[in-house]
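# Sequence first, then the predicted structure:
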Amino acid sequence: MSEETASTQPSPKPPGRRRASRAAGPSGGAATSPSPSGGRDPHSTGAPVEAPKPVKVRLSRPEGPPPRRQPHRALAALVSLATTLVLLVAVGVAVFLTAKHQRGEEAELARNQLFVDTASQFVVNMFSYTQQTIDEDVDRFVNNTSGPLRDMMSQGQNTENLKLLFRDTNASAEAVVNGAALEKLDKVADRADVLVAVRVTVTDLDGNNAPSKPYRLRVTVAEDDNGHMSFYDLKYPDGGN
């Protein structure tokens, strides 16, 4: 009885091995690939698995305007230099033409003034004389005449008669020009009409001055090819000579 009891009682279990506990995750920093069920992959060998390197993807830029062509620096410099030279030449030509035009105007004004001065001097020579220098005074006046006036003085004894007229006055005369101006210029014939206002004072042998007399004359001055000016004609503004 006692043996049966002993044989039917369960034998005590041998003491089992204790399971070591550790934190979840790969040990020693080694990466293990988990199984689909969330545990460790039974087929894993325990070797560390390197994580795949990130792949850089280069995104294409949106298409824009085509790149600019580089300018031809030598050609641009040549064009700039040529433009500058053209401007300088244009400015130089403009300055030259302006100076030439100004010189032409100044020359024309000087020539006009020469006609006026010559006419004034002729009138002074015609009216001025002294008893001691009548011959020289009249000859100087006649020698500077031309054209119709020269023809008139050359006819007969007009020159000698003028000398006698001055001697008969027993006086001397002095002419003073009060004003003179160019009235007309004939560039083709090279003649100019000048209006001259003159006042003549006669002084007798005793030194007494007679009242001065004013005269207004239209004097025509001619210029020859050599630039010599002469007393061409003489008229009063109201007509007659």
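Sure thing, it's come through.

# helices or strands next to the longest helix along the chain in the packing?
Determined from DSSP state H, the single longest helix within the chain is helix 73-127. The helices and strands touching helix 73-127, judged by 3 or more C-beta pairs under 8 Å, 6 or more residues apart in numbering; DSSP states H and E, are helix 134-143, strand 171-186, strand 191-204, strand 213-223, strand 229-235. Backbone N, C-alpha and C define where each C-beta goes, glycine included.

# These: which one's closest to Asp117?
Distance to Asp117, taken as C-beta to C-beta, is lowest for strand 171-186 among those, at 7.9 Å.

# Could you list the buried residues of that closest one?
Using 16 or more other C-beta atoms under 10 Å as the burial criterion, the residues of strand 171-186 that qualify are 171-175, 177, 180, 183, 185.

# per-residue confidence at Asp225?
Per-residue confidence at Asp225 stands at 89 (pLDDT).

# I'd like the helices and strands packed on helix 73-127 laid out as CSV, including distance to Gln157.
CSV is the format used below for these (distance: least, C-beta to C-beta, whole Å):
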stretch, distance to Gln157
helix 134-143, 12
strand 171-186, 21
strand 191-204, 24
strand 213-223, 24
strand 229-235, 19
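
# for the ones you listed, which one sits closest to Lys53?
Judged by C-beta to C-beta, the one of the helices and strands packed on helix 73-127 that comes nearest to Lys53 is strand 171-186, at 105.4 Å.

# which helices and strands does that closest one pack with?
Strand 171-186 packs on helix 73-127, strand 191-204, going by 3+ C-beta pairs under 8 Å, 6+ apart.

# Recalculate using a threshold of 10 Å.
helix 73-127, helix 134-143, strand 191-204, strand 213-223 (3 or more C-beta pairs under 10 Å, 6 or more residues apart in numbering; DSSP states H and E).

# Quickly run through the sheet partners of the last one, with directions.
Just to be clear, that refers to strand 213-223. Applying DSSP bridges, strand 213-223 is found paired with strand 191-204 (antiparallel), strand 229-235 (antiparallel).
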